[in-house]
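[1] Generate a structure from the sequence data that follows.
(2 chains)
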Amino acid sequence: MNASGGRHALRSSLNGIARFVLVLATTLLGLVAITFFIGRVVPIDPVLAIVGDRAPPQVYERARQELGLDRPLIEQFAIYVKKAATGDFGNSVLTTNPVMSDIANVFPATLELATLGVLIGIFIGVPLGVLAAVRRGSLIDQFVRVLGLAGYSIPIFWLGLMGLLLFYAKLGWVAGPGRIDVTYSYLYTPVTNIVLLDTAMQGQWDAFWDAVSHIILPACLLGYFSLAYISRMTRSFMLNELAQEYVIAARVKGLSEFRVIWRHALRNAAVPLVTVIALSYANLLEGSVLTETVFAWPGLGQYITNSLQNADMNAVLGGTLVIGAVFVLLNLVSDLLYRLLDPRTR
Amino acid sequence: MKRFSKFLLSAALVTTMATSFAAVQAATPPDTLVQAWQSDDIISLDPAEIFEFSSSEIAGNTYERLINYDPKDVSKIYGEVAESWTVSPDGKTFTFKIRQGKKFASGNPITAEDVVFSLQRAIILDKSPAFILGQFGFTKDNAKDKIKQTGPFELTMELDKAYAPTFVLYCLTSTVASVVDKKLAMQNEKDGDMGYNWLKTKYAGSGPYVIRDWKANEVLVLERNPNYDKKTPLARVIYRHIKETATQRLLLEKGDVDIARNLNPEELNALAKNPDIKIQNGPKGTVYYLGLNQKNPNLAKPEVREALKWLVDYSAIADTIMKNQGEVHQAFLPKGFLGAINDTPYKLDVAKAKDLLAKAGLKDGFSVTMDTRSTPQITGIAQAMQSTFAQAGVKLEIIPGDSKQTLTKYRARQHDIYIGNWGADYQDPNTNADTFAANDDNSDNAKAKPLAWRNSWDPGPLTAKTRAAVMERDPEKRAQMYKELQEAVLKDGPFVTFLQQVEVMALRKNVDGVVIGPSFDMNSVAQAKKN
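    As a prediction, the model looks like this:
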């Protein structure tokens, strides 16, 4: 690479960073604005969540003023943004904690589950999709199709309950709802709040295996749903690649079928696949409310839903911001991966 | 391909390792009671602020009050932290003697100073339940003069009027009058908050258990209080927040929890066949009712109000949708309260209702909406009423909504009919009379919003009668006054009261000694044990 090329690369990556920061800022600001105003027009009185239905008038009025609800909407918004910019996202009404400390508690639970789920989705979904494409019309292709269809159409809470009934209640293979048995929950100190990581780092292996036993079923369930999507998309990308001339050329060169499929075709299919995977991961990180409810998993989805139902707007706004940031970040990661995988975009 | 199968193999391996381990962990530890419970209503653990069902129950098991009542016979009031009390001849001054030798969980001795502090603190902090004590004329400004320590183990309370002694005593049995460890609370005081911000999530009491840990929407852990007079058989009680009732059932059947608190009638029915499970229930001081907004010209007609009372199939609702969870009750005072009427004069009588509607000039019925919380039970009840109303030509349109959303609308008097439930705030009949039968100001911008106001109903002379009943010092005369108030509301009021709530829980067979009290703060696990 010559000097001008180097400068060019530097400038473009600086540009990239600036663009990213700009995108992040505008996305988040837009999100806050929309969520804020929707939150204020929702016909639920947020004061009720604080003082309850029975509070005498003066207690009610005081709480209303403390929330700043007696001020004009635009002023309320300005105050919120100003505080948020300094990292103060307010307190949740329901849990009484600062919103960010709540999220530091619930987000790792979702992160843990979603990461495991998407890994299952990738490691099973991608090979299945490739197989289905290679053996198009075969039994395995049909199988993947049915698997995908079922994944799209079966309601997740039903599958979750059935899974619990079979693997937990009847067969006893996995532990029940919750992240860890109460007997183990005080054996380790939460550091990252990712139970698997915390227990492993502190050498509490009994607790670790108990946590594994708790997470395996909901993770498989989420894994199955992302698998359904990923395998279908892999199949269609692969079909597209397998019809390309370079595949024929590779075969003519005498490369083994394994190399042709897994090294050449899949490598090219991987480029659009990255976006698909990033999107499914983002979806799981958004928190799968129903899965979290069925499995009593104290994650982000449940947190936001519960807050929304109580018009606990600080919590809703904080949660939405985190999700927004996750989306933007994953977008960035998939952009970077794009460049890595596809030389043309460099 | 090979790599893939290797992956599958290792995944299978991990699964088996995990599962073989899980299989060992079935029952809960013998000294620990684990409950599955929808406890996301807890917003504070400070007794001065606690007013929600779940937190009241926690307070009842972790704090002691000056006086308390027997959950089996509400009329029996006894001293808990107090040893005895006297009322001055003019009825305005109460003097309490405190039991000596009692200790808080922290080890600090309980003295009159703590009791005085706790009562003053509740009034000064002025959170939602503070009005229960404020009713006696205590305010932020005078609390320190009116509630006074008169000796190391003696205190007096000076009321502004000579209220019925039963009224005063019952109010003192509520959680807002819990005794807080002054020394501990004040050690954690910040900016003159009397320890409020600390106590919201922490503990400073003397009850059977101490609150060890609370993770909102996840778990709450109680541990035996070593300083409590009557040692609890269990070392620990754990409340797990499990929102989904089907999940609660699975956990219970599997033995991962000992008690499931929120099962629905079908789930309870199914569990009745399980030999490892038993069902326990007890009536609660909560009534279910329809509120008929008097701003609606049809509902404002007395004949229509009465007709609707004849258009509810009370027993069918109690026997099916609310089986195990409610019994027919029609007066605004729940069974067990002083003066409660337990007769149920109304039943489904379409012909009578049609006559009344005809008299009101609505021979062909009318259309009306009902704001309905989208819970399975409330929706089920609403649908049952929709079908019986239709038999007399009343077209009921159900407007489903989230609970806080329907409540917001109700509090703004924008409903036609609201289907709600009302739990007593304290064990005295005034709690319900004050909201069902009194309304001092029926204008749109009134400050107080009792149920009568929410339904735009001016109860006329009943308001004055309700106010007089709290002053009546003869318990029998007082009971009679509440009977008359209930009769008047039953006949003409804009409330179709149809059920009294029954709380039901499903327990593992080996669990004993759990008490379901008439209010949530009287649900006790103090003497619960596992055989």
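[2] need the residues of the stretch 201-346 of chain A near chain B, please.
    Within the stretch 201-346 of chain A, the residues that sit near chain B (C-beta under 8 Å from any C-beta of the partner chain) are A:206, A:209-210, A:212-213, A:216, A:258, A:293-296, A:298, A:302-303, A:306, A:309-311. For glycine as for every other residue, the C-beta is placed from the backbone atoms N, C-alpha and C.
[3] hmm, try it at 6 Å
    The stretch 201-346 of chain A has residues A:209, A:212-213, A:216, A:293-294, A:296, A:298, A:306, A:309-310 near chain B, with proximity defined as C-beta under 6 Å from any C-beta of the partner chain.
[4] Of those - the most surrounded one?
    Per-residue neighbour counts (other C-beta atoms under 10 Å in any protein chain shown) across these peak at A:Val294, which has 27 neighbours.
[5] Provide a list of residues in contact with the residue lying closest to that residue once chain neighbours are set aside.
    Excluding the flanking residues, the one nearest A:Val294 by C-beta to C-beta, 6 or more residues apart in numbering or on different chains is A:Gly160, at 3.9 Å. A:Gly160 is in contact with A:221, A:291, A:294, counting by C-beta atoms under 6 Å, 6 or more residues apart in numbering or on different chains.
[6] Can you list the buried residues in the host helix or strand of A:Val106?
    Using DSSP states H and E, A:Val106 sits in helix A:99-134. Neighbour counts using 16 or more other C-beta atoms under 10 Å in any protein chain shown place A:99-100, A:102-103, A:105-118, A:120-134 of helix A:99-134 among the buried residues.
[7] restrict the residues you listed to those near chain B?
    By C-beta under 6 Å from any C-beta, the members of the buried residues of helix A:99-134 lying near chain B are A:123, A:127.
[8] where does the residue of the stretch 201-346 of chain A found nearest chain B fall, helix, sheet strand or coil?
    The minimum distance from the stretch 201-346 of chain A to chain B, using C-beta to the nearest C-beta, falls at A:Ser213 (3.9 Å). State at A:Ser213, reduced to three classes by DSSP: H, G, I helix; E, B strand; the rest coil: helix.
[9] who in the stretch 1-150 of chain A is up against chain B?
    Residues of the stretch 1-150 of chain A found near chain B (C-beta under 6 Å from any C-beta) are A:43-45, A:48, A:51-52, A:54-57, A:59, A:94-96, A:123, A:127.
[10] how near is A:Ser13 to chain B?
    For A:Ser13, the distance to chain B equals 35 Å [C-beta to the nearest C-beta, to the nearest Å].
[11] related to what we said a few turns ago, who are the packing partners of the helix holding A:Val106?
    helix A:139-153, helix A:205-242, helix A:266-285, helix A:300-309, helix A:313-341 (3 or more C-beta pairs under 6 Å, 6 or more residues apart in numbering or on different chains; DSSP states H and E).
[12] Can you add mean pLDDT and give those helices back as JSON lines?
    Supplementary listing: the helices and strands packed on helix A:99-134 in JSON lines, determined by pLDDT from 0 to 100:
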{"stretch": "helix A:139-153", "mean pLDDT": "88"}
{"stretch": "helix A:205-242", "mean pLDDT": "91"}
{"stretch": "helix A:266-285", "mean pLDDT": "88"}
{"stretch": "helix A:300-309", "mean pLDDT": "86"}
{"stretch": "helix A:313-341", "mean pLDDT": "86"}
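[13] How about residues contacting whichever strand in chain B runs longest?
    If you go by DSSP state E, chain B has its longest strand at strand B:277-292. With contact meaning C-beta under 6 Å, 6+ apart, strand B:277-292 is reached by B:271, B:299, B:305, B:334-335, B:417-419, B:421-424, B:455, B:494-507, B:509, B:516, B:518-519.
[14] One more: stretch A:104-113?
    Contacts of stretch A:104-113 (C-beta under 6 Å, 6+ apart): A:193-194, A:218-219, A:287, A:298-300, A:303.
[15] Let me see the backbone angles for B:Ala488.
    Main-chain dihedrals, B:Ala488, degrees, to the nearest 10: phi -60, psi -40.
[16] That one: neighbour count?
    Per other C-beta under 10 Å, the neighbour tally for B:Ala488 reads 16.
[17] quick one: secondary structure of B:Asp444?
    Classification of B:Asp444 by three-state DSSP places it in coil.
[18] What count of nearby residues applies to it?
    10.
[19] That one: what's its closest spatial neighbour, skipping adjacent residues?
    B:Arg413 (7.3 Å).
[20] is it true that the one you found lies in a strand?
    No: the assignment for B:Arg413, made by three-state DSSP, is coil rather than a strand.
[21] Please report how far it lies from chain A.
    B:Arg413 sits 13 Å away from chain A, going by C-beta to the nearest C-beta.
[22] ok, now which ones touch the residue minimising distance to the centre of chain A?
    Nearest residue to the geometric centre of chain A (C-alpha atoms, centre = their mean): A:Leu285, 1.3 Å. A:Leu285 sits next to A:114, A:326 when contact means C-beta under 6 Å, 6+ apart.
[23] Same question for B:Arg454.
    Counting by C-beta under 6 Å, 6+ apart, B:Arg454 touches B:410, B:413.
[24] quick one: stretch B:221-237 to chain centroid distance?
    24 Å (C-alpha atoms, centre = their mean, to the nearest Å).
[25] Is the residue of the stretch 201-346 of chain A closest to chain B in contact with A:Trp173, as I believe?
    No: judged on C-beta atoms under 6 Å, A:Ser213 makes no contact with A:Trp173 at a distance of 8.5 Å.
[26] What about A:Leu290, how many residues nearby?
    A:Leu290 has 18 nearby residues by other C-beta under 10 Å.
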